[in-house]
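J.: Let's see this in three dimensions:
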Amino acid sequence: MKSFGDYYNGYEDSKGKHVDGYVDMIDKLLKDFPLDEPQIIGEERQKEFIALLSAILRMRKLLVGFGEFEGREIISERDFQDYLGRYQDLRDEWAERCKKGELTDIDDDIVFEIELIKQIEINIDYILMLVTKYHDSHCTDKEVLITIQKAVDSSPELRSKKDLIENFINGINDVDDVMNEWHSYVAEEREKALVTLITEEKLKDAETRAFVDGAFRDGGIKTTGTDIDKILPAVSRFGGGGGNRKAKKETVIEKLKIFFERFWNIG
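T.: Sure thing, here's the model as predicted:
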């Protein structure tokens with residue numbers, strides 16, 4: 001294992017070649033991908049940015065084990081959240097392009113370090129603390145709103161809940177207790193979304209509600225076994241719809257996963 005100085009400032013390897021440290025990486029990030037550029041254009045530049053930020057995330061994981069790193073991050077928390085937001089925007093964009101067949105080598109060329117981002121995860125309690133601060137300013141402190149936006153965009157967990165958070169903030173002017181109102185709001189939105197899902201996919205109401213309750217109890221959507229089949233609508237035995245039922249099942253599973261991610265761990 002190298003010393004803190006080696007990881008932070010870089011070092012010479014056995015062949016005399018300089019190995020970039022954290023300072024080198026951050027310097028390259030700020031110079032090559034300034035935040036005043038609205039977006040990163042071009043596949044090669046995007047790959048370079050993804051590889052660089054992935055390396056920074058791995059390096060930060062090493063450095064946080066050293067007490068000397070505290071206060072020497074160089075980049076502000078807000079700016080780093082901005083970069084994480086762009087990083088995950090590209091992840092979503094590339095995943096969508098892969099689905100369309102526009103990209104085929106994403107897994108070979110680059111690695112998105114989402115698990116490392118989750119280790120510096122911003123949770124909903126922090127966001128609600130900021131929302132309370134915004135509410136207490138009589139909804140005039142726009143800097144708090146910017147902080148909330150950047151924090152949500154940088155979080156793998158909270159990005160799927162962005163519309164919930166934004167809609168809640170838009171309606172808090174007349175709220176007395178932000179925390180209590182949030183819990184009521186989430187419960188109401190979850191029920192509306194569940195009713196919509198059941199109606200659109202013609203799912204069995206009681207069975208679907210039991211399935212969803214089990215998912216939130218166990219921490220995930222169970223896609224194996226027969227439980228998922230029990231919530232699907234009946235198929236005519238004369239319709240020859242085996243293929244249709246399989247497609248229906250896949251559609252329902254995907255929608256249930258989106259529903260779960262949207263409402264998991266925020267109530």
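
J.: Might you report the residue contacts of F33?
T.: 40, 49, 52, 83 (Cβ atoms under 8 Å, 6 or more residues apart in numbering). C-betas here are computed from N, CA, C, even on glycine.

J.: I misspoke; the intended subject was T132.
T.: Applying Cβ under 8 Å, 6+ apart, we find T132 in contact with 178-179.

J.: tell me which residues of the strand or helix carrying it are tucked away?
T.: According to DSSP states H and E, T132 maps onto helix 124-136. For helix 124-136, the neighbour count (16 or more other Cβ atoms under 10 Å) marks 124, 127-128, 130-132, 134-135 as buried.

J.: just the strands in the stretch 51-200 of the chain please.
T.: Assigned strands in the stretch 51-200 of the chain: none (criterion: DSSP state E, counting those that start in this stretch).

J.: Tell me the pLDDT of S14.
T.: Looking at S14, its pLDDT is 86.

J.: Confirm it sits in a helix?
T.: No: applying DSSP: H, G, I helix; E, B strand; the rest coil, one finds S14 to be coil, outside a helix.

J.: re earlier: turn the buried residues of helix 124-136 into a markdown table, columns for distance to Y22 and pLDDT.
T.: Shown next, in a markdown table, are those (distance: Cβ to Cβ, whole Å; pLDDT from 0 to 100):
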| residue | distance to Y22 | pLDDT |
| --- | --- | --- |
| I124 | 30 | 88 |
| I127 | 28 | 89 |
| L128 | 32 | 90 |
| L130 | 28 | 88 |
| V131 | 33 | 91 |
| T132 | 34 | 90 |
| Y134 | 33 | 89 |
| H135 | 38 | 90 |
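
J.: Using JSON lines, lay out those residues together with distance to K248.
T.: Below are the buried residues of helix 124-136 laid out as JSON lines (distance: Cβ to Cβ, whole Å):
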{"residue": "I124", "distance to K248": "33"}
{"residue": "I127", "distance to K248": "36"}
{"residue": "L128", "distance to K248": "38"}
{"residue": "L130", "distance to K248": "41"}
{"residue": "V131", "distance to K248": "39"}
{"residue": "T132", "distance to K248": "43"}
{"residue": "Y134", "distance to K248": "43"}
{"residue": "H135", "distance to K248": "43"}
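
J.: between those, which is nearest I114?
T.: Proximity of these to I114, judged by Cβ to Cβ, is greatest for I124, which lies at 18.3 Å.

J.: which ones are touching the closest one?
T.: For I124, the contacting residues are 158, 161, 265-266, by Cβ under 8 Å, 6+ apart.
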